[in-house]
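Undergrad: starting from these lines, generate the structure:
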Amino acid sequence: MINVFVLQNGRLNQVAIASRADLEKVTPVWVDLTDPTDEERAVVKAMYDVILPGEDEVSDIEASARYYEAENGDLHLRTDFLLEEEEGPSRIVTVAFILAKKILFSVHNDDLPVFRLVRLRARSRPGSIEDYMDVLLDLYATDAEYSADALEGIYESLEEVSQRVLQKEFTDQDAAAALNAIAHEEDLNGRIRRNMMDTRRAVSFLMRGRLLNSEQFEEARQILRDIESLDGHTSFLFDKINFLMDATVGFININQNKIIKIFSVASVAFLPPTLIASVYGMNFEFLPELHWRFGYGWSLALMVTSAIAPFLYFRHRGWLK
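TA: Numbers count the residues shown, from 1 in each chain. Sure thing, here's the model as predicted:
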């Protein structure tokens, strides 16, 4: 799909493109290709004389070559964006940006919420975007906001986990659910941190390359400050995740120790009856109670008493709680 955007009265408006003729009539500031076909790639390449990376080239690229200037003067950037899905884990989507002929070209395989939000805001905020570089910076700023919202979601989820972990009764099933939720939030927090690190590198590259005017340079500095604050929040969430993980594992160990304690108490309680049964089970000819009329009942009563006495003692000491 080819999404073409033009500036009209300070607003970013999308133009419907049904054919190549429609594309020739407009002067876009942003051309967004979402999972483009080979035919769509060829049309954009022929129209604007720009080299678009292939599907494999977008993601399979060395980290040191994510930002470079081509021989024809086009600027190429590869930036990671966070994509949260309702079903399944979150993931990182790599977007290829090409800055050529005062147009921003973006190539990616998934429709990203950050891109949708930028389009929505640009239509409702006249004057917020003046050229293609403003579009790119707005994408990076919105990506930071999207990551901040995701961090708030992680905090809320961890609060729910914390309430379950610290409840009065915490079963092994509760522990399994808590560990699963903690692992999910830890994975998302790590992806957000990686995403923010990549955005910081991209913005720093634009600042070092002297590609921004004074207003854009100040906006880029604000984006870096926002990312710096998010880094501190991800560190806080990692500490909270580690605490909940340790607490959950500790409660699991406590539950296991309770089971082991029951077996230990039972073993100690049945040791005296076993000793009595062993004594009267000796195969000696002369035993005082061997021919006693009440010997059998006496031995049974003695074994029951010796078994109950330890339980009463353990209960008195509070070891059965």
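Undergrad: show me where the protein has strands.
TA: Listed in chain order, the strands of the chain (DSSP state E) span 2-8, 11-15, 30-34, 67-69, 75-83, 91-100, 103-108.
Undergrad: buried stuff in the shortest one?
TA: In terms of neighbour count (16 or more other C-beta atoms under 10 Å), strand 67-69 has its buried residues at residue 67. C-beta: built from backbone N, CA, C; applies to glycine.
Undergrad: touching it from outside, list them.
TA: 75-78, 201-202, 205 (C-beta atoms under 8 Å, 6 or more residues apart in numbering).
Undergrad: give me the distance from that strand to the chain's centre.
TA: 30 Å (C-alpha atoms, centre = their mean, to the nearest Å).
Undergrad: same thing with the longest one?
TA: The chain centroid and the centroid of strand 91-100 are separated by 21 Å, computed with C-alpha atoms, centre = their mean.
Undergrad: count the neighbours of residue 237 for me.
TA: Applying other C-beta atoms under 10 Å, we find 21 residues neighbouring residue 237.
Undergrad: beta partners for residue 32?
TA: Beta-bridge partners for residue 32, by DSSP bridges, are residue 3, residue 106.
Undergrad: ugh, typo on my part, it should be residue 96
TA: residue 78, residue 107.
Undergrad: and the gap between residue 42 and residue 95?
TA: 20 Å (C-beta to C-beta, to the nearest Å).
Undergrad: tell me which of these two has more neighbours.
TA: Just comparing residue 42 and residue 95: by other C-beta under 10 Å the higher neighbour count belongs to residue 95, 21 against 12.
Undergrad: point to the residue nearest the middle of this structure.
TA: residue 188 (0.8 Å; C-alpha atoms, centre = their mean).
Undergrad: tell me the contacts of it?
TA: Per C-beta under 8 Å, 6+ apart, neighbours of residue 188: 84, 89-90, 150, 154.
Undergrad: ok so, going back, nearest to residue 285, out of the strands of the chain?
TA: strand 91-100 (82.5 Å; C-beta to C-beta).
Undergrad: elements contacting that closest one?
TA: helix 55-59, strand 75-83, strand 103-108, helix 132-165, helix 172-208 (3 or more C-beta pairs under 8 Å, 6 or more residues apart in numbering; DSSP states H and E).
Undergrad: make JSON lines from the contacts of residue 188 and add pLDDT and neighbour count to it.
TA: Output for these, formatted as JSON lines (pLDDT from 0 to 100; neighbours: other C-beta atoms under 10 Å):
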{"residue": "84", "pLDDT": "81", "neighbour count": "16"}
{"residue": "89", "pLDDT": "75", "neighbour count": "10"}
{"residue": "90", "pLDDT": "81", "neighbour count": "16"}
{"residue": "150", "pLDDT": "90", "neighbour count": "19"}
{"residue": "154", "pLDDT": "90", "neighbour count": "20"}
